[in-house]
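S.K.: Please find the sequence and the predicted model below.
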Amino acid sequence: MPWKSIIAGVDGSRESAWAATVAWNVARAAGAECYLVHACKQAADIPVWVEPIIDIAELEDSLIAQTTSRLEEQLTGNVPFESLRNLEVRLGRPKRVLAQAAADRKAELVVLGGKQGSSRKFGSSTAFHVIQTVDVPTLIAVPSTSDPRRVLAAMDLSHAAGPTVGAAQELADFLGAELKVIHVVEPMPDIPSYTIDLPEDQNIKRAEEHFAQTVVPLINGEAAHTAVLPGPTEETITRAAEDWNADIVVIGSHGKGWLERVLLGSTTRRLIKHMPASLLVVPVPEP
């Protein structure tokens, strides 16, 4: 199904300009429209006794016009010029503004800018809150000197596998990139007063069999690489991304098992902050 639109969150920074460029390039490859959206802080509350002599709508229009002019000046020369024709400034908090823009435009993707490594800008609460609020895949794109050539999809073996593989494959196809799909097998849990009689090698073997039965058939074509890797989830995904020189890592949200834990707490923030590549988070509702 052809994509309709892609939203890029912009704030005038270098990182957001990169996000706009990535969004524009993906939109062109997907045959979709690209919209640059900025969340502008609303005017402070006006005292009741002043409201009759102040036109609130006029004040907000002026604020939007001034912000739009400033953004156009900051982004000109740093983003594809054609993308500026779809620059929108909306009043409100970023997570609400982007969620509403994605809904209004029936967007298939939201793109945010981020810094690589421990200083990643959107390793703060902004991206985390946007991921929790927006109902479409969200890509946190880090600046790069080359086009994305490798997409790594990491997933559990739940109902989230299908949508996650689909989003990763679609993105890889649009970018003309290689795709690798992995599953991480965590060590068996240590449950007090209960012994799990399953050696670790058998645990991994069963995971490999289940992966081959449930995930591999979801991958279109035979060009994609696959692997089942043992170890702690966060460290193993990060190491796999580094070893394979992945440009984009794809993970699904709300899957059962370890993936649910990855996206429901501090681990999510650490992945966003430390992942050595751009990160695409695919929301998957519970069945």
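M.R.: Great, that's in hand. Numbers count the residues shown, from 1 in each chain.
S.K.: what about residue 226, distance to residue 74?
M.R.: Distance of residue 226 to residue 74, computed by C-beta to C-beta, to the nearest Å: 43 Å. C-beta here means a position set from N, CA and C on the backbone, and glycine is covered the same way.
S.K.: Might one say that residue 79 is in contact with residue 34?
M.R.: No. Counting by C-beta atoms under 8 Å, residue 79 stays clear of residue 34, with 9.8 Å between them.
S.K.: Neighbour count: those two, which is higher?
M.R.: residue 34 (28 against 23; other C-beta atoms under 10 Å).
S.K.: Test of understanding: give the bridge partners of the more buried one.
M.R.: residue 6 (DSSP bridges).
S.K.: And it, what's its pLDDT?
M.R.: If you check residue 34, the pLDDT there is 97.
S.K.: so what's it up against?
M.R.: With contact set as C-beta atoms under 8 Å, 6 or more residues apart in numbering, residue 34 has these partners: 5-6, 8, 20, 23-24, 27-28, 83, 86.
S.K.: Let me know the pLDDT of residue 118.
M.R.: 42.
S.K.: Look up phi and psi at residue 283.
M.R.: Phi and psi for residue 283, reported as degrees, to the nearest 10, are phi -70, psi 130.
S.K.: now it: how far from residue 163?
M.R.: 8 Å.
S.K.: Find the residues that touch each one of the two.
M.R.: residue 252.
S.K.: which SS state does residue 67 fall under?
M.R.: helix (DSSP: H, G, I helix; E, B strand; the rest coil).
S.K.: Domain map for the protein?
M.R.: As recorded under automatic domain parsing, the domains making up the chain are 1-143, 146-287.
S.K.: quick one on the thing from earlier: so which of the contacts of residue 34 sit within strands?
M.R.: In this view, the contacts of residue 34 that belong to strands under DSSP state E are 5-6, 8.
S.K.: For the residues you listed, pick the one with the most neighbours.
M.R.: residue 8 (34 neighbours).
S.K.: how close does it get to residue 30?
M.R.: Taken as C-beta to C-beta, the span from residue 8 to residue 30 is 14 Å.
S.K.: same thing with residue 250?
M.R.: 16 Å.
S.K.: More neighbours: which of these two?
M.R.: Legend: neighbour count by other C-beta under 10 Å for residue 250 and residue 30, higher for residue 250 (27 against 21).
S.K.: so how far is residue 161 from that one?
M.R.: Going from residue 250 to residue 161 by C-beta to C-beta gives 11 Å.
S.K.: Buried among the contacts of residue 34? Make that a PyMOL selection.
M.R.: In PyMOL, a selection of the buried entries from the contacts of residue 34 looks like this (16 or more other C-beta atoms under 10 Å):
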select buried, resi 5+6+8+20+23+24+27+83+86
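S.K.: want to throw the contacts of residue 34 into TSV with pLDDT and distance to residue 236?
M.R.: Converted to TSV, the contacts of residue 34 look like this (pLDDT from 0 to 100; distance: C-beta to C-beta, whole Å):
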residue	pLDDT	distance to residue 236
5	96	35
6	97	30
8	96	31
20	95	32
23	95	30
24	96	33
27	95	33
28	93	34
83	93	37
86	95	39
